[in-house]
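Enquirer: Quick one: sequence plus predicted model below, questions after.
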Amino acid sequence: MPIFSVADLRVAFGGVDVVHGVSFSVESGRTLAIVGESGSGKSVSLLGATGLLPPAASVRGSVLHKGDEILGLSAGDLRRRRGADIGFVFQDPLSNLYPLKTIGQQIAEAITAHRRVGRGELRQRVLDLLADVGIPDPSARVNDYPRQFSGGMRQRVMIAAAIALNPGLIIADEPTTALDVTVQASILDLLKRIQQDHGTAMIFVSHDLAVVSDIADDVLVMRAGHVVEQAPAELIYRAPRQAYTRELLGAARLGGLVARAARSSLLPALPSMPDLLSVSAIARSFAGRSAAGGLIRPVLTNISFTVRENEIVGLVGESGSGKSTIGRLIAGLDRPDEGSISLRERIYSRPGVGGIAIDRKLRSDIQVIFQDPYASLNPRRRIRSILAEPFIIGTRLDAAAIRRRVQDLVRDVELPDDVLDRYPAQLSGGQRQRVAIARAIALEPSLIVADEPVSALDITTQAKIIRLLQTIRRQRGLSLLFISHDLGVVSELCDRVIVLEKGVIVEAGETGRVFGAPRHPYTVRLIDAIPGKVLRRNPVPERIAAHA
Amino acid sequence: MPEIRALASVQDHVLLGHGEVVNSYRSLLLRALLRERSFRIGALIIGFVTAGALLAPVVAWLLGHGVTEQFRDTALTEMGLPTGPTFEFPLGADGNGRDVLVRTLYGARVSLAIAIPATTLAMIIGTAIGLVSGFLAGRVDRVISQAVDVALSFPFIVTALSLLSLNRGVDGKPFVAPSLVVVLIITLFSWTYFARLTRGLVFVLRRSPLVEAAQTIGASKARIIMREILPNIAPVILVYWAVQLPTNIIAEATLSFLGVGVQAPQPSWGNMIAEAQRSSLYQLQPWFLLGPGIALFLTVAGFNTLSAGLRNVLDPHRRSG
């Protein structure tokens, strides 16, 4: 008998249906993955089923937990089940941990909320849990505060709180999305191990079929509040029946990196191109927590590389590796402590105090695409006015000419004309990032620094933006420094890759070579951590392909 | 950087659900405001008070009672005590036989005429200083922050009393109109709040992708402040204007109550309350005290309700659910 089953679940907000009849169930010891893009209703379904939506939402259908109908139960009855019988792990461990309590207290709270336990026993249980989720030296860390933990460690703490009472069901909503790829791999391993050790049922929500492939027994694909496809994981990955599932699979880059990287290196090579940007021996450090104490934290040490004309160079590394700092230094938003940066053999950035004085020509030659299109577009201005800005500042064109240029720009990034009169809030994430790209190419730069330009986007949108960047590179002959933590995206787009670890370049070379035959152990670790390794190890067997 | 996104998305939800091209952001905002109940109630009360202030001369003409005219034979009893509400004097009379209703309505004019310019002036000065301090940061910011701290350390009443008495010459006549001095004193004591608020908001925005994007296309500092930062923080500052206004209305009343603000015979809620209290006549004629008291309460409550409504609409983080 399934431990948790949902039948014909419908959720509506203010008369608008967002989930249209979803059914699924999960048994002990098995993992159900719910996959869909943002707005597909995957989280809303689960929150609705467990009574975590605000009262304004109307939830109908049937939700059975251990055979009891729990939809419509009183808040108190639901609370007794949540935490004790159903454990939750959410996406952002920082905002779900209370900053002013030690992690020990917070895990203990998960226990004492449901049981009366003596102090000594409680402490022992908390220490056991911390050891269980792989926190080294639990008795030393139990009195630490959340800020003293890294993102991955915080997520381990959240998991410890979720499994504190040995729940029969764990609901994990995008638990690894905010984490680095190597950390993500370790959290997935942890969840899998806990589930096997305790025989728990798990519902794992994700936007990425690749992440899910290592852990799921069954997969449910959702889109716009409907179930698209529901099948055992083997069938979903080997023989998807729906076009949308195939699209998601294509975007998830499950084919493995090497094959595609090799393909991209078969493209006409451009070794004869002259150097455009040259970064020589730059270093940058920031004052640590106490500025007066003189705690200096080096972020970059002795970084040197070049970007050739019409080349896409990928800069990969985990968070804290200093890759964004390199982007800011090149864009002239910050100055190095040592070394210099030059564009076409003209040095424009070297150590000094205050901001950098960069002339107008050079300013328009280097442009930036930021990670978060929500934050980099002024919400108070229409797209027309945002896109006119570079022309007003950087050129002497009159109003009519600027109008024409803005219209051309919008067409270049494949947006409809009517976005011009909208505000950023009225556009989707992908459309906003297209506007940001349009702004970056407005002044015809020779180099664009793209800092994680697709990591805030849905996976199918990512693929479209990547194609757009390729088209623009081909048409305009510009160079791109592509900063990303996502090796899959980098292998698809970049000619060369630079791998950064803790502010030091550990490996650099042609994309095909670096991903095909990595030389540095860190690169090997990064590639190994890419989700989907189970599938990579076992290529599609003929028998299942035939089954479809 | 969640706070940056929060700031950038302030008011974004006003646009939610409007997929179509929006002709005017302002009309959309106005519609959202009118849907908010506390905004409607606040606006209604303030509209009522403003109408009273504007119509004061009309009421005076209808009743035939000038604002400083004394009606010793009709408004006072044989013992010289003020009458209560009658048909001729709707809120009764004060100790000198003047019409309390007419004086209360004229008092509204004084309150608004002092508090609105003072708050607006404080907002302009404070915002300008806060913008410079927050955006340039570093040494400029340290100097300005120190100045703000010094300004905040002056006690309001004592400073106001001494400034106003310095304004008096040997013959007892003021050099400058006392109401102008009251405006300046209130400005002096409220710009600091605007400066601190603005500085904090700018501090969050100055390192945001929004501003860095403008920097990479070569926008000047002045252009970034005026076109990128100011439009994004303006709503928060306007809300604060409405929060500060009732405080300043009370400040004016306080100064008039202490006898250093608006001078008799010109009516102000502060000096009317002071007179009622000093002469103890409110025990006989409660409306002498209640008239200006209720008017003051209504105005302050109206602006507080209005600012609460503004905040609900403009700041998505305060909305429930």
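Expert: Looks like it arrived, so ask away. Not measured: the values here are computed from a predicted model.

Enquirer: Do you have the helices of chain B handy? List them.
Expert: Taking DSSP state H as the criterion, chain B carries its helices at B:2-8, B:12-15, B:25-35, B:37-63, B:100-136, B:138-152, B:156-166, B:178-205, B:209-216, B:221-223, B:230-257, B:269-279, B:287-314.

Enquirer: can you redo those helices as TSV with distance to chain A and mean pLDDT?
Expert: Where you see a C-beta, it was placed from the backbone N, CA and C, and this is true even at glycine. Output for these, formatted as TSV (distance: least, CB to the nearest CB, whole Å; pLDDT from 0 to 100):
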stretch	distance to chain A	mean pLDDT
helix B:2-8	5	40
helix B:12-15	4	50
helix B:25-35	7	78
helix B:37-63	17	92
helix B:100-136	11	92
helix B:138-152	9	90
helix B:156-166	35	86
helix B:178-205	10	91
helix B:209-216	4	89
helix B:221-223	7	91
helix B:230-257	4	89
helix B:269-279	39	87
helix B:287-314	12	89
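
Enquirer: Quick one, which of the ones you listed gets closest to A:Phe286.
Expert: Distance to A:Phe286, taken as CB to CB, is lowest for helix B:138-152 among the helices of chain B, at 16.0 Å.

Enquirer: which residues are contacting the closest one?
Expert: B:129, B:132-134, B:188-189, B:191-192, B:195-196, B:199 (CB atoms under 8 Å, 6 or more residues apart in numbering or on different chains).

Enquirer: and what of stretch A:84-102?
Expert: With CB under 8 Å, 6+ apart as the test, stretch A:84-102 has contacts from A:4, A:50, A:65-66, A:82, A:103, A:106, A:109, A:114, A:142-147, A:151, A:154-155, A:157-159, A:161-165, A:167-175, A:177-178, A:191, B:2.

Enquirer: how about it: buried residues?
Expert: Going by neighbour count (16 or more other CB atoms under 10 Å in any protein chain shown), the buried part of stretch A:84-102 is A:84-93, A:96-97, A:102.

Enquirer: Same question for stretch B:231-244.
Expert: By 16+ other CB under 10 Å, the buried positions in stretch B:231-244 come out as B:232-233, B:235-237, B:239-244.

Enquirer: okay, which residue is most central for chain B?
Expert: With distances taken as CA atoms, centre = their mean, the residue of chain B nearest its centroid is B:Leu245 (1.9 Å).

Enquirer: Tell me how many other residues crowd the residue in the stretch 1-150 of chain A positioned nearest to chain B.
Expert: The stretch 1-150 of chain A approaches chain B most closely through A:Pro54 (4.4 Å), counting by CB to the nearest CB. Neighbourhood size, A:Pro54 [other CB atoms under 10 Å in any protein chain shown]: 9.

Enquirer: Please apply the same query to A:Gly477.
Expert: Neighbours around A:Gly477, by other CB under 10 Å: 12.

Enquirer: Would you enumerate the residues in contact with it?
Expert: Residues near A:Gly477 by CB under 8 Å, 6+ apart: A:309-310.

Enquirer: ok, so what distance separates it from chain B?
Expert: According to CB to the nearest CB, to the nearest Å, A:Gly477 stands 20 Å off from chain B.

Enquirer: how many neighbours does residue 192 have?
Expert: Assuming you mean chain A. 15.

Enquirer: that's the wrong chain, I wanted chain B
Expert: B:Thr192: 21 neighbours (other CB under 10 Å).

Enquirer: Over to A:Asn302?
Expert: Per other CB under 10 Å, the neighbour tally for A:Asn302 reads 13.

Enquirer: Help me confirm that it comes into contact with A:Ala281.
Expert: Yes: if you go by CB atoms under 8 Å, A:Asn302 and A:Ala281 touch, sitting 5.4 Å apart.

Enquirer: ranges for the helices of the stretch 301-450 of chain A?
Expert: All helices of the stretch 301-450 of chain A, identified by DSSP state H, counting those that start in this stretch, fall at A:323-330, A:360-365, A:373-376, A:383-394, A:399-412, A:429-441.

Enquirer: now, of these, which is deepest in the fold?
Expert: Of all the helices of the stretch 301-450 of chain A, helix A:373-376 carries the top mean neighbour count, a mean of 25, counting by mean count of other CB atoms under 10 Å in any protein chain shown.

Enquirer: Output the contacting helices and strands for that one.
Expert: Counting contacts by 3 or more CB pairs under 8 Å, 6 or more residues apart in numbering or on different chains; DSSP states H and E, helix A:373-376 packs against helix A:429-441, helix B:2-8, helix B:209-216.

Enquirer: quick check: mean pLDDT across the host helix or strand of A:Arg297?
Expert: Per DSSP states H and E: A:Arg297 is located in strand A:296-308. In this model, strand A:296-308 has an average pLDDT of 88.

Enquirer: Please save the CA atoms from that strand in PDB.
Expert: C-alpha atoms of strand A:296-308 as PDB (Å, rounded to 0.1, in the frame of the first residue of the first chain):
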ATOM      1  CA  ILE A 296      42.800  40.000   4.400                       C
ATOM      2  CA  ARG A 297      41.200  37.300   2.400                       C
ATOM      3  CA  PRO A 298      42.800  36.700  -1.000                       C
ATOM      4  CA  VAL A 299      40.200  36.000  -3.700                       C
ATOM      5  CA  LEU A 300      42.400  35.800  -6.800                       C
ATOM      6  CA  THR A 301      46.100  35.000  -7.100                       C
ATOM      7  CA  ASN A 302      48.200  35.300 -10.200                       C
ATOM      8  CA  ILE A 303      45.500  35.000 -12.800                       C
ATOM      9  CA  SER A 304      46.600  35.200 -16.400                       C
ATOM     10  CA  PHE A 305      44.700  34.300 -19.500                       C
ATOM     11  CA  THR A 306      43.700  35.700 -22.900                       C
ATOM     12  CA  VAL A 307      40.500  35.900 -24.900                       C
ATOM     13  CA  ARG A 308      41.000  35.900 -28.700                       C
END
